[in-house]
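>>> model this:
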Amino acid sequence: MPTPASDALAWAVVVAFGVGALLWARRGTDSSLAVSPRTARAALAGSWGLFALFWLQLAPHFWLAKRSFIEAGLSMLAVPLCLYAGYTFWNGRDSLVSLARAVAWMGLIYLPFETIPPVPVGSVTIPAPRAALIRVVTDQTMWIMNALGHHPELVTGDQGYLNTFKFVTPEGHIILFSLVLACTGLGSISIFAGLVAAVDAPFRRKLRGLAVVVPVIYALNLARTTFIGLVFGEQYMHWFADTVLFLFDGTDPYKVSFYLSDRVVSQSLAVFALVGLTYLLVRELPELLSMVEDALYLLTRNEYDLAAALDLPRGAAVADGGVDPGKD
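Numbering: from 1, shown residues only. Next up, the predicted model:
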């Protein structure tokens, strides 16, 4: 679980990107709220450095607590990418402002579910947003499991939520599979919603883009929670136990199926799913191509003309004064 310090750092990143984007919008204007272009550029470049620190402190959590080499590896990869983004922006790649706005929107969508606690109102306590979302996903996952002929018992987990599936093996061993916020699909939804919110496009097309990706993400996530729950609970992937436990530094042989179904199969397939969803979204919102091209540039240091590759209008793919790869 993220710590209070981690949550505070996440909010600091969101505020830094948001303030930086506002300063950038006010740079060089004639109003009393105007700021110098250098100040606005420094604020956004520094925000990328703060974002690098955020990913750096998350990597040990993914590796040591979650035993997820994919998430830990991606977190470590994000550190130099964020630092390079700040360096590149400082040196004139203004199109990265769009990515900065997107990060701010992603955090504004995700962090309330992560950080807002239950709120007591008189004799009634309003549940935390995360509790409500986890309960919905848990109930729907249970419904799918039941429809497939599996009937685990639903019990209260460590967080005090009714979010844990209890399986009993033929030899009487109890297996508990709990759903947490990361199991709701909110992270992926926040990413795509943040990108859509940050792009300069007509509101109607933005809604159409969200209508394409959000239901697909939610449905795929329910398939994922059902798949992992049944494979883990019924021990369907108890393969190469010694090797798997060694790779994940585990000791419980009953977790072999969990490591393979979640850490290997599901997380690997999620990468392909996100790429496919990105393709669907840019067909509806070609303005997003500028941000995708910037991300590819940070990864490879090469310029790409995705508009030409996807047969989309070049003008729609260049926003915020960014570099047009076709004119370098």
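>>> all contacts plus neighbour counts: C-alpha atoms, from now on.
Noted.
>>> Quick one: low-confidence residue ranges for the chain.
Per-residue confidence of the chain (counting by pLDDT under 70) places the weak regions at 1-2, 4, 28-33, 313-328.
>>> mind running it again at 50?
Residues of the chain that meet the criterion pLDDT under 50 lie in 315-328.
>>> spatially speaking, which residue is in the middle of it?
In the chain, the centroid-proximal residue (CA atoms, centre = their mean) is residue 187; its distance is 3.6 Å.
>>> Quick one: the helices in the stretch 201-328 of the chain, in order.
With DSSP state H, counting those that start in this stretch applied, the stretch 201-328 of the chain shows helices at 203-233, 241-247, 256-258, 267-284, 289-300, 306-309, listed in chain order.
>>> right, so these: which one is the most enclosed?
helix 256-258 (a mean of 24; mean count of other CA atoms under 10 Å).
>>> Domain-wise, how is this protein divided?
Structural domains of the chain, as assigned by automatic domain parsing, span the residue ranges 1-92, 127-328.
>>> Those domains into JSON lines, with extra columns for distance to residue 99?
Formatted as JSON lines, the entries for these read as follows, by distance: least, CA to CA, whole Å:
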{"stretch": "domain 1-92", "distance to residue 99": "10"}
{"stretch": "domain 127-328", "distance to residue 99": "6"}
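>>> Now distance to residue 109 too, for the helices of the stretch 201-328 of the chain, in a markdown table please.
As requested, those are exported to a markdown table (distance: least, CA to CA, whole Å):
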| stretch | distance to residue 109 |
| --- | --- |
| helix 203-233 | 13 |
| helix 241-247 | 35 |
| helix 256-258 | 29 |
| helix 267-284 | 18 |
| helix 289-300 | 19 |
| helix 306-309 | 28 |
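>>> looking at the domains of the chain, which is closest to residue 106?
Closest of the domains of the chain to residue 106 is domain 127-328, at 4.4 Å (criterion: CA to CA).
>>> how much distance is there from the closest one to the middle of the chain?
8 Å (CA atoms, centre = their mean, to the nearest Å).
>>> How about stretch 61-77?
A distance of 14 Å separates the C-alpha centroid of stretch 61-77 from that of its chain, computed with CA atoms, centre = their mean.
>>> Any buried residues in it, and which?
Buried residues in stretch 61-77, counted by 16 or more other CA atoms under 10 Å: 61, 62, 63, 67, 68, 69, 71, 72, 75, 76, 77.
>>> Would you mind pulling the contact partners of that stretch?
The contact list for stretch 61-77 (CA atoms under 8 Å, 6 or more residues apart in numbering) reads 1, 2, 55, 56, 58, 59, 60, 248, 249, 263, 267.
>>> Kindly write the PyMOL command that selects the buried subset of those residues.
Provided next is the PyMOL selection string for whichever of the contacts of stretch 61-77 are buried by 16+ other CA under 10 Å:
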select buried, resi 55+56+58+59+60+248+263+267
